[in-house]
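K.L.:
give me a model of this one.
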Amino acid sequence: MGLAENQLSFDLVEEWITKHPSASICTSEGVQMFRDIAIFQDYHGLTEFRNAVARFMGKVRGGRVSFDPARIVLAGGATGASELITFCLADPGDAFLVPTPYYPAFDRDLKWRTGIQLIPVICESSNNFKITKEALEEAFQNAQKSSIKVKGVIIANPSNPLGTTVERETQITLVNFINEKQIHLVCDEIYSATIFSRPNFISIAEIIEEVECNRDLIHIIYSLSKDMGFPGFRVGIVYSYNDAVVNCGRKMSSFGLVSSQTQHFLASMLSDDEFVDDFLKTSSMRLAKRHQTFTSGLEEVGIKCLNSNAGLFCWMDLRALLKEPTFEAEMVLWRLIIHKVKLNVSPGFSFHCVEPGWFRVCFANMDDATLEIALKRIRIFIQATVKKSDVPAKKSKQWQKNLRLSFSGGSRCEYEESLKSPSVMSPHSPMSPAQLVQTRT
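P.N.:
Numbers count the residues shown, from 1 in each chain. Predicted structure coming up:
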């Protein structure tokens, strides 16, 4: 439950593939296109693919805004797209402001090779982690005092890990802020088709139609990894309103191209309006059902999550289970969940959350039976925890001692270092796949 994958609608994709064998050059029906696809292609990407992606992005946003295929720059997944836009906008030592909590791999994707810095914009649970002008200004001024050049603000909308969409008013505040400072705004919108309840998703592309601003400062990151569930296809997109960024990005995209075979296949799929409409509708319904099943299951044992309307995960509030309100206590609880409950969840500390006790839990990367197993383990764990907390004081202290001992195999420093290692299975967990016991009980 630590990996944000969308596997709930694969059957729809499989059915489409079965009905459209000519979409692949690896079938007898599609092999006639093999030679055209196998040779060198324009680094801008196949025209039919960029056209299909532009239409798909418009559909995801309810047709309220359109996208120009000529402004689409392709990259190797959202990771490649994020790094590409960073290289285009900043020099080593420059910084971007990032509201917390934020996707842990931003520290890898945006910093490792570019040499830039990320400065947290502190958001708190008291207002459901909303971005405020005051927090933006404080982070910007602190950077100025440290002689750090701020080149822009990076947000994820919908948010990973919160599973919430950024409200219209907040986005207007962001646009006004970057316009005033004359810095860039990069909007990661890779979860834009995972909306399963109101409020609806509002893209930054819609906001700049309403608010006067310098469009050269606006850029969008997109991919098909979350909305379609295709992380293995490595389709990343930079959509920029800045001509210089588009030109620069295309020159750099040769270092991380999307294969022509993938483009050819997806161009056919995304051009099928009937399939796309059905997929988006069905995927949203299935995400809503899965979210309801999971959150209601947690509520049965008194666990609440941040109210969310998007994404493939919940932001689970376990602050009441901490021995004390510290990140060390959060790590103790996390280790206990990993080793005793046998669930791979992601601690809030890895998302740079300033409040200990929050955990991201993914719910869309498994079948219904596996989800029920996870909920059963959580119920047993919570019930046992509550029961032990009701024992006499002496025994209760002994239980707390055992809880502390369960963390003896690692430390917070060890956890921080593990996040920097490319060998771990995800940016959110220092456990290797071999270490995770996959039992079905």
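K.L.:
confidence score at F233?
P.N.:
Here the pLDDT value assigned to F233 is 93.
K.L.:
what is the neighbour count of it?
P.N.:
Residues near F233, counting by other C-beta atoms under 10 Å, number 19. Where C-beta positions appear, they are placed from N, C-alpha and C, glycine not excepted.
K.L.:
what do you get for the one 3 residues further on?
P.N.:
As a burial measure, the neighbour count of G236 was computed by other C-beta under 10 Å and equals 27.
K.L.:
contacting residues around it?
P.N.:
Neighbour list for G236: 74-82, 84, 221-223, 256, 258 [criterion: C-beta atoms under 8 Å, 6 or more residues apart in numbering].
K.L.:
from these, which is closest to L287?
P.N.:
Nearest to L287 among the contacts of G236: S223, at 17.3 Å, using C-beta to C-beta.
K.L.:
how near is that closest one to S126?
P.N.:
Computed as C-beta to C-beta, to the nearest Å, the S223 to S126 distance reads 32 Å.
K.L.:
do the same with T293
P.N.:
29 Å.
K.L.:
which of the two has more neighbours?
P.N.:
Between T293 and S126, T293 has the larger neighbour count (other C-beta under 10 Å), namely 15 against 8.
K.L.:
and stretch 148-162, end to end?
P.N.:
28 Å (C-alpha to C-alpha, to the nearest Å).
K.L.:
so where's the stretch 301-441 of the chain shaky on pLDDT?
P.N.:
Within the stretch 301-441 of the chain, the segments meeting pLDDT under 70 span 386-441.
K.L.:
who does the longest helix anywhere in the chain touch, helix- and strand-wise?
P.N.:
Of all the segments of type helix in the chain, defined by DSSP state H, the longest one is helix 273-299. If you count contacts as 3 or more C-beta pairs under 8 Å, 6 or more residues apart in numbering; DSSP states H and E, helix 273-299 packs onto helix 10-19, helix 47-60, helix 260-270, strand 304-305, strand 313-317, helix 368-389.
K.L.:
just how off-centre is that helix within its chain?
P.N.:
17 Å (C-alpha atoms, centre = their mean, to the nearest Å).
K.L.:
in that helix, what counts as buried?
P.N.:
275-276, 279-280, 283-284, 286-287, 290-291, 294-295, 297-298 (16 or more other C-beta atoms under 10 Å).
K.L.:
and it, average pLDDT?
P.N.:
On average, helix 273-299 scores 97.
K.L.:
same check on stretch 69-87?
P.N.:
96.
K.L.:
using the three-state scheme, assign the residue sitting nearest the centre point of the chain.
P.N.:
Per C-alpha atoms, centre = their mean, the C-alpha nearest to the average position across the chain is that of N160, at 4.3 Å. Of the three states, N160 takes coil under DSSP: H, G, I helix; E, B strand; the rest coil.
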